[in-house]
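[1] 3D model of this:
(chains A and B)
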Amino acid sequence: MQFRVTGLTATALGAGLFAPGMAAAQTLDVSITIPRLTVAEYHRPYVAVWVEKEGGPAKTLAVWYDVDLKNNEGTKWLRDIRQWWRASGRTMRFPAAGVTGATKAPGTHKLSFRPQLAPGNYTLVVEAAREVGGRELVRLPFSLPKGGTVRASGKSELGAVTLTVKR
Amino acid sequence: MKLRTILIATAVAAVAIPASVQAHRQWMLPSMTVISGEGDDVWITVDAAVSNDLFYFEHQPMRADISVMLPDGTSGEVKNKAQGRYRTTFDVQIQKRGTYKIFYASEGVMGTYKLNGEEKRLPRGTTAATLASAIPAGATDVRTTTSSNRNEIFVTAGEPTTTVFRPTGKGIELVPVTHPNDLIVGEDATFQFLLDGKPASGLTVTVIPGGIRYRDQLNQQDLTTDADGKVMVKWGEPGMYWINVTTPRAAREEGAPPAPGGRRASYVTTLEVMAP
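    Modelled structure (predicted):
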């Protein structure tokens, strides 16, 4: 299992592993396709993008949810992105600056991150959960400083997901 | 008057239902255990009942005084409590981050005494405080057993916390090794149980997944706490699980008056195991 480290310890470890200045900055270019679904009741999915260091904690890069509901009510369903919630979300406060954003329509969305990551093996995880729909998660392993391009594809709630790591 | 006797017996039976002496299972079922969101509009609702099957309403509502302990250890509030034919239901408003405990705990004394050569049982509902008045003057051969029954569930908003697990030292209590709101199929969970504040070895632990009506096998796990009072549970499927922990008893003892000077305790919880 990827989530040996629970939220109880993730906070304590998280600060150290992702401390700035540990490695040269690299860019993670992520492309996420949200499929167009023909269903009776469609809601845009909640999506979380995060990075896990092998045997270590998770760092959230992006969360898309209903950010503009009154009283921050959209956060009520963040738990439905359930692996992300356990790995990282439950330690966070929302909205989180630079991380949270509105849900996105079907189509291909391009994101770019510059997290400070030490050399090692990582997994980029993209998880989508849709109201009155399903949930799906794809994992893209990569290692630093090697970099390169990794591709994955979901079957239901996610389409093609591509990660390109550039120094 | 035979009818009158039956009516009285029914009324008495309905007052208290200690888990240790009933075949029926008592349980509380929270609408969710892992909560995100903050503010005044975050609530959970709980069904509480006594039944044979899990988690179906087919026997009795739970008749107990339910308490809420907030993540900081102070008391919270049960709202909208209602009792129907088969279940009790109530709500808890989740306004703080951390782990909540929703529970009831009861203490009682069972036993017998002899009066004028005739053996009598202590009335139901006798406690340590009322014991003296429950035994009439001139009674001899007084034999008592103290019993503790505890039923509790946990829900967590945000990160799991552990303040609500601070032991009271009464009856069986759960101490998390694995936090009860951090359970997932594929990861074994370990819990420690205390009896009167001390790690309790040899306690009987019964684990049954809910949804019995839709399968042929009970899928019951019978476990025993180790020397440290710890037990490891492997989860089969995601879902709600009923856990019952009791002090051990010989089978022939079931339903019989308790052994003199004994200690009986039972613990019930409902745990939610998430899909990976």
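
[2] wait, what's in contact with the closest residue to B:Leu174 other than its chain neighbours?
    Computed as CB to CB, 6 or more residues apart in numbering or on different chains, the closest residue to B:Leu174 that is not its neighbour in sequence is B:Phe191, at 5.6 Å. Placement of C-beta: from N, CA and C, glycine included. B:Phe191 makes contact with B:Leu174, B:Val175, B:Pro176, B:Val177, B:Thr178, B:Pro180, B:Lys230, B:Val231, B:Val233, according to CB atoms under 8 Å, 6 or more residues apart in numbering or on different chains.

[3] using the three-state scheme, assign B:Phe191.
    Assigned with DSSP: H, G, I helix; E, B strand; the rest coil, B:Phe191 falls in the strand class.

[4] spatially central residue for chain A, please.
    Nearest residue to the geometric centre of chain A (CA atoms, centre = their mean): A:Val49, 1.0 Å.

[5] is it true that it touches A:Thr60?
    Yes - the criterion here is CB atoms under 8 Å, and A:Val49 meets it with A:Thr60 at 7.5 Å.

[6] please enumerate the shared neighbours of these two.
    Joint contacts of A:Val49 and A:Thr60 (CB under 8 Å, 6+ apart) do not exist.

[7] for the chain, which segments count as helices?
    Because you didn't say which chain, this covers chain A. Using DSSP state H, the helices assigned to chain A run over residues A:7-17, A:82-87.

[8] I was thinking of chain B, sorry if that wasn't clear
    B:2-15, B:131-134.

[9] and those, which one averages the lowest pLDDT?
    Least confidently modelled of the helices of chain B is helix B:2-15, at a mean of 40 by mean pLDDT.

[10] count the neighbours of B:Lys79 for me.
    12 (other CB atoms under 10 Å in any protein chain shown).

[11] could you check the pLDDT of it?
    pLDDT, read off for B:Lys79, is 98.

[12] need the contact list for it.
    For B:Lys79, counting by CB under 8 Å, 6+ apart, the contacting residues are B:Phe90, B:Asp91, B:Val92, B:Gln93.

[13] TSV for the residues you listed, including distance to A:Ala87, pLDDT and neighbour count?
    Below are those laid out as TSV (distance: CB to CB, whole Å; pLDDT from 0 to 100; neighbours: other CB atoms under 10 Å in any protein chain shown):
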residue	distance to A:Ala87	pLDDT	neighbour count
B:Phe90	32	98	21
B:Asp91	30	98	16
B:Val92	26	98	23
B:Gln93	27	97	17
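
[14] what is the nearest of those to B:Val273?
    B:Val92 (21.0 Å; CB to CB).

[15] I figured that closest one hits B:Val42, correct?
    No - the pair B:Val92 / B:Val42 is not scored as a contact, 9.9 Å apart, by CB under 8 Å.

[16] low-confidence ranges in chain B?
    B:1-23, B:250-261 (pLDDT under 70).

[17] what's the neighbour count on residue 70?
    No chain in the question, so chain A it is. Using other CB under 10 Å: A:Lys70 sits among 8 other residues.

[18] ah, I was thinking of chain B
    With other CB under 10 Å as criterion, B:Leu70 counts 19.

[19] quick one: contacts for the nearest residue to it once chain neighbours are set aside?
    Spatially, and ignoring its direct neighbours in sequence, B:Leu70 is nearest to B:Gly76 (4.6 Å; CB to CB, 6+ apart). Contacts for B:Gly76 (CB under 8 Å, 6+ apart) come out as B:Val68, B:Met69, B:Leu70, B:Val92, B:Tyr100.

[20] could I get the phi/psi values of B:Gly76?
    Per-residue torsions, B:Gly76: phi -110, psi -160 (degrees, to the nearest 10).

[21] so of the contacts of B:Gly76, which ones are in strands?
    Those of the contacts of B:Gly76 mapping onto strands are B:Val68, B:Met69, B:Val92, B:Tyr100, per DSSP state E.

[22] so what's the residue count around the second one?
    Counted with other CB under 10 Å, the burial measure for B:Met69 works out to 20 neighbours.

[23] tell me the contacts of it?
    B:Ser75, B:Gly76, B:Tyr100, B:Lys101, B:Ile102, B:Phe103, B:Val164.

[24] same thing with A:Val161?
    A:Val161 touches A:Val30, A:Ser31, A:Ile32, A:Thr33, A:Val126, A:Val138, A:Leu140, A:Arg151, A:Ala152, A:Ser153, A:Gly154, counting by CB under 8 Å, 6+ apart.

[25] distance of it relative to A:His109?
    Look at A:Val161 and A:His109: by CB to CB, to the nearest Å, they are 10 Å apart.

[26] shared neighbours of these two, anything?
    Taking CB under 8 Å, 6+ apart as the criterion, A:Val161 and A:His109 both touch A:Ser31, A:Ile32, A:Thr33.

[27] and which of these is nearest to A:Gly55?
    Distances from A:Gly55 to the shared contacts of A:Val161 and A:His109, taken by CB to CB, are shortest for A:Ile32, at 25.9 Å.

[28] surely that closest one is in contact with A:Gly107?
    No - the criterion here is CB under 8 Å, and A:Ile32 misses it with A:Gly107 at 9.5 Å.

[29] between the two, which one's more packed in?
    A:Ile32 (24 against 11).

[30] ok, that one - contacts?
    Contacts of A:Ile32 (CB under 8 Å, 6+ apart): A:Val47, A:Val49, A:Thr108, A:His109, A:Leu111, A:Val126, A:Leu158, A:Gly159, A:Val161.

[31] can you tell me which of those residues are in strands?
    A:Val47, A:Val49, A:Thr108, A:His109, A:Leu111, A:Val126, A:Val161.

[32] quickly list what the fourth one is bridged to.
    Beta bridges link A:His109 to A:Ile32, judged by DSSP bridges.

[33] thinking it is in contact with A:Arg44, fair?
    No - A:His109 lies out of contact with A:Arg44 (CB under 8 Å); the separation is 11.3 Å.

[34] need the residues touching each of these two.
    A:Ile34.

[35] show me what from chain B comes close to chain A.
    Chain B comes close to chain A at residues B:32, B:34-42, B:156, B:158-160, B:179, B:182, B:184, B:186-187, B:274-276, as judged by CB under 8 Å from any CB of the partner chain.

[36] list only buried entries from the residues you listed.
    The neighbour count (16 or more other CB atoms under 10 Å in any protein chain shown) marks B:34-38, B:42, B:156, B:158-160, B:179, B:182, B:184, B:187, B:274 as buried among those.

[37] quick check: the residue of chain A nearest chain B.
    A:Lys76 (3.4 Å; CB to the nearest CB).

[38] how deep is the residue nearest to B:Lys96 when sequence neighbours are not counted tucked in, by neighbour count?
    Leaving out its chain neighbours, the residue that sits closest to B:Lys96 by CB to CB, 6+ apart is B:Pro71, at 5.3 Å. When counting by other CB under 10 Å, one arrives at 22 neighbours for B:Pro71.
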